[in-house]
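In: please work out how this folds:
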Amino acid sequence: MKNVAILIFDEVEVLDFCGPFEVFSVTGKRSNLNPFHVYTVAQTDKPVLARNNLSINPSYSLSDCPPPDILLVPGGYGTRTEMHNPILIDWIQRRAQKAELILSVCTGALLLAKAGLLDGLSATTHHRAIDLLKEIAPKTEVLESERIVDNGKVILSAGISAGIDMSLYVVSRLLGEGEAEETAAYMEYDWSMRNRRPALI
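Out: Sure, this is the predicted structure:
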């Protein structure tokens, strides 16, 4: 079982974290498998106000979060504030060193860039944040037209709903395409690896 830590913060985009949360949480359930232990983590244990004032109680704070095998950083308007939060950026840096995979959805790429995790890599983000990502990550090749970019350890998706596609792709990479297709079918989500090929770097 792999620990999947999903970071949340004020003004996080709801589908950015809920979509991947759903994918990893339901994967394998119909086969009585539990390949992923999925949980949310925030800077403190206080409720987080996501976009449009959705209140979420994080499972853990930064100080007591189980070590993630997979770290997922979502986006949203809150990234514009959190990219200047040294406590959060330092935590991402430290956790990323030991994580097996680092994932970002939408403008979560801005936080990875600030943590120095995109230097020398390729990336994508929400189409309205392309220029900002280029500005703060000059050592990164920003692929504007790609929905998913796979650098090996670091995998990024474009905006919002693309996080579901990326999560299903990660399931296919770890457990096989059949398991990903089964998860998508359970979710009644129109997904096929054949037409969701990522940019492999």
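
In: all strands of this structure, in order?
Out: Counting by DSSP state E, the segments of the chain that form strands are 2-7, 36-42, 48-49, 55-56, 60-61, 70-73, 101-105, 122-123, 141-142, 148-150, 154-157, 199-200.

In: show me the contacts for Ala162.
Out: Counting by C-beta atoms under 8 Å, 6 or more residues apart in numbering, Ala162 touches Val105, Cys106, Arg147, Ile148. Quick note: C-beta positions are derived from backbone N, CA and C, even for glycine.

In: rerun that using 7 Å as the cut-off
Out: Val105, Arg147, Ile148 (C-beta atoms under 7 Å, 6 or more residues apart in numbering).

In: and it, how close does it get to Ser122?
Out: Computed as C-beta to C-beta, to the nearest Å, the Ala162 to Ser122 distance reads 15 Å.

In: most neighbours, which of the contacts of Ala162?
Out: Val105 (34 neighbours; other C-beta atoms under 10 Å).

In: I'd like the distance between it and Thr44.
Out: 22 Å.

In: got it, and Pro35?
Out: Pro35 is 29 Å from Thr44, where distance means C-beta to C-beta.

In: so which of those two has more stuff around it?
Out: Legend: neighbour count by other C-beta under 10 Å for Pro35 and Thr44, higher for Pro35 (16 against 10).

In: any weak-confidence spans in this protein?
Out: 193-197, 201 (pLDDT under 70).

In: tell me the buried residues in stretch 113-125?
Out: Ala113, Lys114, Ala115, Leu117, Leu118, Leu121, Ser122, Ala123, Thr124, Thr125 (16 or more other C-beta atoms under 10 Å).

In: number of nearby residues for the closest residue to Lys29 other than its chain neighbours?
Out: Counting by C-beta to C-beta, 6 or more residues apart in numbering, Tyr186 is the residue found nearest to Lys29 once chain neighbours are left out, at 7.7 Å. Neighbourhood size, Tyr186 [other C-beta under 10 Å]: 14.
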